[in-house]
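> 3D model of this:
(one chain, ligands or ions: 1)
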Amino acid sequence: MPELPEVEIIRRSLEGRVRGATIAGLHIHRDDIVRAGRPIAEWFLQTTIIRLSRRGKCLVFSCQGPDETRHIVSELGMTGLWLYDKTLAPSPQHIHVDLLLSGTSSQQLYYWNPRRFGRIWFLHTQELDAFCQRRFGPEALEIKESDFVALIKGCRGRLKPFLLDQHRIAGIGNIYANEILFRAGVHPHAHGNRLLNSTCHRLFQATHQVLQESITAGGSSIRDFRAPDGTLGQFQNSHQVYQKEGHPCPRGCDSAIKRLSGDRSSFFCPSCQRKR
Ligand SMILES: [Zn+2]
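Here you go, the predicted model:
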């Protein structure tokens, strides 16, 4: 959290405001969230933001400098946000970066993160390409069905940690992995290489449906998530199994939702979710 839908909400909200803006100031209040070996503020000063893209759960601000494009890669971790206004931050002391823009209606952006798991990288284009190659498999909403099925068939272990592995498929975290597996009727401990083709097809469809529905609903507002203008997401109201331990199965099968503990909790219906 934030996962693909929430980062996409942030991207869509920010894009219209930042594209074409010039960076007039970049103030970093905490050095330990920054991964870069160069004097950052100077490197970005007077560059123009030409693109705001998303890769997995990272936001990438691409900035045109005098002779090259330079990139600010922002990972939001468990709790990170980008906000238009300081007063939207749940706790202002956790604003770690101020980005001052000129040439747009929004003059300032704030990166807020109380837990400091989020990181920011400052990269050349070649470094960005290497960064993405190292960290991300294909995008969950862009991969073709045939490639998705081949990927799943190559999973010899449990499916749930496989879906969470950003090197395999990028963008899915614990909330959406639980919801996708329930929608597809697949047990979190199912092995990908043992699934029937029809099950792989359902899993592909469920991945698209759940992620798209969440984007349409503004994401899931869990742990302080809000859009840059403060709008809360609504998809948490549509969660079927995530954090619903003990609730009756929403499909009406007479079972209750169970929780499997591990490093990331799994919520599932023992009757509706199968291992094939
Ligand atoms: Zn059920």
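> Helices of the stretch 151-276 of the chain, start to end?
159-164, 174-184, 197-216 (DSSP state H, counting those that start in this stretch).
> of those helices, which approaches the ion most closely?
Closest to the ion of the helices of the stretch 151-276 of the chain, according to C-beta to the ion: helix 174-184, at 8.4 Å. (Each C-beta comes from the backbone N, C-alpha and C, glycine too.)
> Could you export the closest one as PDB, CA atoms only?
Extracted in PDB, the C-alpha atoms of helix 174-184 (Å, rounded to 0.1, in the frame of the first residue of the first chain):
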ATOM      1  CA  ASN A 174      -1.000  -7.600  -0.600                       C
ATOM      2  CA  ILE A 175      -4.500  -6.000  -0.800                       C
ATOM      3  CA  TYR A 176      -5.000  -6.600  -4.500                       C
ATOM      4  CA  ALA A 177      -3.400 -10.100  -4.500                       C
ATOM      5  CA  ASN A 178      -6.000 -11.200  -1.900                       C
ATOM      6  CA  GLU A 179      -8.900  -9.600  -3.900                       C
ATOM      7  CA  ILE A 180      -7.700 -10.900  -7.300                       C
ATOM      8  CA  LEU A 181      -7.300 -14.500  -6.000                       C
ATOM      9  CA  PHE A 182     -10.800 -14.400  -4.400                       C
ATOM     10  CA  ARG A 183     -12.300 -13.000  -7.600                       C
ATOM     11  CA  ALA A 184     -10.700 -15.700  -9.700                       C
END
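> Make 53 the first number, not 1, from now on.
Yes, from this point I'll number from 53; that puts the last item at helix 226-236.
> show me where pLDDT drops low in the stretch 203-328 of the chain?
Applying pLDDT under 70 to the stretch 203-328 of the chain flags residues 315.
> Output the set of residues of it in proximity to the ion.
Contact residues (C-beta under 5 Å from the ion) of the stretch 203-328 of the chain with the ion: 301, 303, 305, 307, 321, 323-324.
> hmm, 8 Å instead?
301-307, 309, 321-325 (C-beta under 8 Å from the ion).
> Which members of those are classed as buried?
301, 309, 321, 324-325 (16 or more other C-beta atoms under 10 Å).
> Nearest to residue 228 among these?
Checking those against residue 228 with C-beta to C-beta, the nearest one is residue 325 at 15.3 Å.
> quick check: domain ranges of the protein?
56-187, 197-320 (automatic domain parsing).
> Point out the most buried one among the helices of the stretch 203-328 of the chain.
helix 226-236 (a mean of 25; mean count of other C-beta atoms under 10 Å).
> just checking, what packs against it?
helix 211-216, helix 249-268, strand 318-320 (3 or more C-beta pairs under 8 Å, 6 or more residues apart in numbering; DSSP states H and E).
> and the angle for the second one with helix 226-236?
Helix 249-268 and helix 226-236 are oriented at 130 degrees to each other (axes from the mean of the first three to the mean of the last three C-alpha atoms, to 10 degrees).
> Now tell me what touches helix 249-268 from outside.
Outside helix 249-268, the residues that touch it by C-beta atoms under 8 Å, 6 or more residues apart in numbering are 56-57, 60-61, 192-193, 197, 200-201, 204-205, 223-224, 228, 231-233, 235-238, 247, 272, 285, 287, 290, 326, 328.
> Convert it to PDB, retaining C-alpha atoms only.
The C-alpha coordinates for helix 249-268 follow below in PDB (Å, rounded to 0.1, in the frame of the first residue of the first chain):
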ATOM      1  CA  ASN A 249      -5.900 -23.100 -18.400                       C
ATOM      2  CA  SER A 250      -9.400 -22.000 -17.600                       C
ATOM      3  CA  THR A 251      -8.300 -21.000 -14.200                       C
ATOM      4  CA  CYS A 252      -5.300 -19.000 -15.600                       C
ATOM      5  CA  HIS A 253      -7.800 -17.200 -17.800                       C
ATOM      6  CA  ARG A 254     -10.000 -16.300 -14.800                       C
ATOM      7  CA  LEU A 255      -6.900 -15.100 -13.000                       C
ATOM      8  CA  PHE A 256      -5.900 -12.800 -15.800                       C
ATOM      9  CA  GLN A 257      -9.400 -11.400 -16.100                       C
ATOM     10  CA  ALA A 258      -9.700 -10.900 -12.300                       C
ATOM     11  CA  THR A 259      -6.400  -9.100 -12.300                       C
ATOM     12  CA  HIS A 260      -7.600  -6.600 -14.900                       C
ATOM     13  CA  GLN A 261     -11.100  -6.200 -13.300                       C
ATOM     14  CA  VAL A 262      -9.900  -5.700  -9.700                       C
ATOM     15  CA  LEU A 263      -7.200  -3.200 -10.600                       C
ATOM     16  CA  GLN A 264      -9.400  -1.200 -13.000                       C
ATOM     17  CA  GLU A 265     -12.300  -1.100 -10.700                       C
ATOM     18  CA  SER A 266     -10.100   0.200  -8.000                       C
ATOM     19  CA  ILE A 267      -8.700   2.900 -10.200                       C
ATOM     20  CA  THR A 268     -12.200   3.900 -11.100                       C
END
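> Cheers, nothing more for now.
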